[in-house]
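Visitor: Fold the following for me, if possible:
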Amino acid sequence: MPDLLELSRLWLRQYHPAPGAGLTLVAFPHAGGSASYFQPLSAALSPDIEVLSLQYPGRQDRRSEPCLDSIGGLVEGICEVLSPRTERPVVFFGHSMGAVLAYETARRLEKESSVRLLGLVASGRRSPTTAREETVHLRDDAGILAEIQRLNGTDSALLQDEDIQRMILPSLRADYTAVETYAHQAGPALRCPVTVFTGDADPQVTRAEAERWSELTDGGFRLRSFPGGHFYLATRPGAVTGALTEEIAAFRTPGSRAAAAGPGDAGPGAG
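Guide: Numbers count the residues shown, from 1 in each chain. Here you go, the predicted structure:
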């Protein structure tokens with residue numbers, strides 16, 4: 001069995017040193033995504049904030065490992081490397097499938113560890129308590145690639161390359177299987193506040209579905225909308241980084257507007 005240091009090297013990527021940071025942001029990528037997706041965010045926030053981006057099995061430098069096709073299996077591995085990290089308070093930021101993983105990881109860590117989780121920012125994902133009939137994971141390879149193109153998640157030219165397809169399809173299928181077969185289990189609400197980021201033209205989440213995240217926390221809720229679709233954060237990086245910085249500051253200040261806002265407070269639009 002690999003030791004904790006080896007596990008951390010497998011699961012976590014830090015692209016910019018932040019030895020004096022007072023807080024760690026853990027970034028959870030979307031389905032088919034990799035740790036490097038958050039490298040620009042790391043550059044923008046470091047060195048004031050330590051950014052650790054998760055690398056799920058089956059992609060990039062972990063391509064030789066079997067993919068995990070359940071939310072529970074992914075959360076198990078993530079919690080194993082995050083539970084001992086108690087030296088700094090932590091904020092979670094997850095996009096799409098990553099938002100579900102961040103939420104389920106937060107539930108478990110609040111229950112079982114001494115990690116100081118200040119807040120969760122869930123991006124581009126409806127509340128886990130809502131349900132849609134989704135079967136992308138059952139499609140053939142062409143169908144899965146068509147879904148990625150529909151959401152504008154990967155450069156269309158890259159998707160025409162057969163070598164690229166062979167590299168990304170196993171992790172895409174596993175991730176879609178994980179998130180589409182996930183079912184929320186009732187339990188205690190999170191103690192930490194939750195902020196939701198959405199694109200105003202995202203076909204994957206309606207405003208009503210986003211607002212239902214408020215049911216999952218006793219720590220306060222806020223919803224912020226940005227112009228754009230499912231990958232609004234790629235087209236509005238400055239606005240998203242600014243909003244995320246504001247939310248982190250609010251999480252660190254009990255009683256702040258973000259920590260105390262109700263579901264009717266959408267926050268300022270990001271231009």
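
Visitor: from here on, contacts and neighbour counts on C-alpha atoms
Guide: OK.

Visitor: tell me the phi and psi of the residue lying closest to Tyr37 once chain neighbours are set aside?
Guide: Once flanking residues are discounted, Tyr37 sits nearest to Pro29: 7.1 Å by Cα to Cα, 6 or more residues apart in numbering. Taking degrees, to the nearest 10, you get phi -70, psi 170 for the backbone angles of Pro29.

Visitor: Pro29 contacts Leu101, correct?
Guide: No. Taking Cα atoms under 8 Å as the definition, Pro29 is not a contact partner of Leu101, at 9.1 Å.

Visitor: Mind listing the shared neighbours of those two?
Guide: By the contact definition Cα atoms under 8 Å, 6 or more residues apart in numbering, Pro29 and Leu101 are jointly contacted by Gly94.

Visitor: starting at the chain centroid, how far to the top helix by length along the chain?
Guide: Longest helix in the chain by number of residues, with DSSP state H as the criterion: helix 162-180. A distance of 17 Å separates the centroid of the chain from that of helix 162-180, by Cα atoms, centre = their mean, to the nearest Å.

Visitor: What is the subsequent helix or strand relative to it?
Guide: strand 194-199 (DSSP states H and E).

Visitor: rewinding a little: now the residue nearest to Tyr37: how far from Ile144?
Guide: As defined by Cα to Cα, to the nearest Å, Pro29 lies at a distance of 18 Å from Ile144.

Visitor: who's more crowded, those two?
Guide: In this view Pro29 and Ile144 are compared by other Cα atoms under 10 Å, and Pro29 has more residues nearby, 25 against 19.

Visitor: any idea of the pLDDT on the more buried one?
Guide: Among the per-residue scores, Pro29 shows a pLDDT of 97.

Visitor: And for Ser123?
Guide: Per-residue confidence at Ser123 stands at 97 (pLDDT).

Visitor: contacting residues for it?
Guide: Going by Cα under 8 Å, 6+ apart, Ser123 touches Phe93, Gly94, His95, Ser96, Ala99, Val196, Phe197, Thr198.

Visitor: Ok, Thr241 next?
Guide: Taking Cα under 8 Å, 6+ apart, we find Thr241 in contact with Leu41, Ala44, Leu45.

Visitor: go on, Gly199?
Guide: Under the criterion of Cα under 8 Å, 6+ apart, the contact list for Gly199 reads Gly124, Ser225, Phe226, Pro227, Gly228, Gly229, His230, Phe231, Tyr232.

Visitor: By neighbours, which of these wins?
Guide: For the contacts of Gly199, the largest neighbour count, defined by other Cα under 10 Å, is 29 neighbours, found at Gly124.

Visitor: Could I get the contacting residues of it?
Guide: By Cα under 8 Å, 6+ apart, the contact set of Gly124 is His95, Ser96, Ala99, Val196, Phe197, Thr198, Gly199, Asp202, Gln204, Val205, His230, Phe231.

Visitor: What is the nearest of the residues you listed to Ala250?
Guide: Taking Cα to Cα as the measure, Val196 is the one of those closest to Ala250, at 13.8 Å.

Visitor: Surely that closest one and Arg126 touch.
Guide: No. Using Cα under 8 Å, Val196 is not in contact with Arg126, being 9.1 Å away.

Visitor: okay, and the common contacts of the two?
Guide: When Cα under 8 Å, 6+ apart defines a contact, the residues bordering Val196 and Arg126 alike are Ala210, Trp213.

Visitor: Run a quick neighbour tally on Cys79.
Guide: For Cys79, which is what you asked about, the neighbour count (other Cα under 10 Å) is 18.
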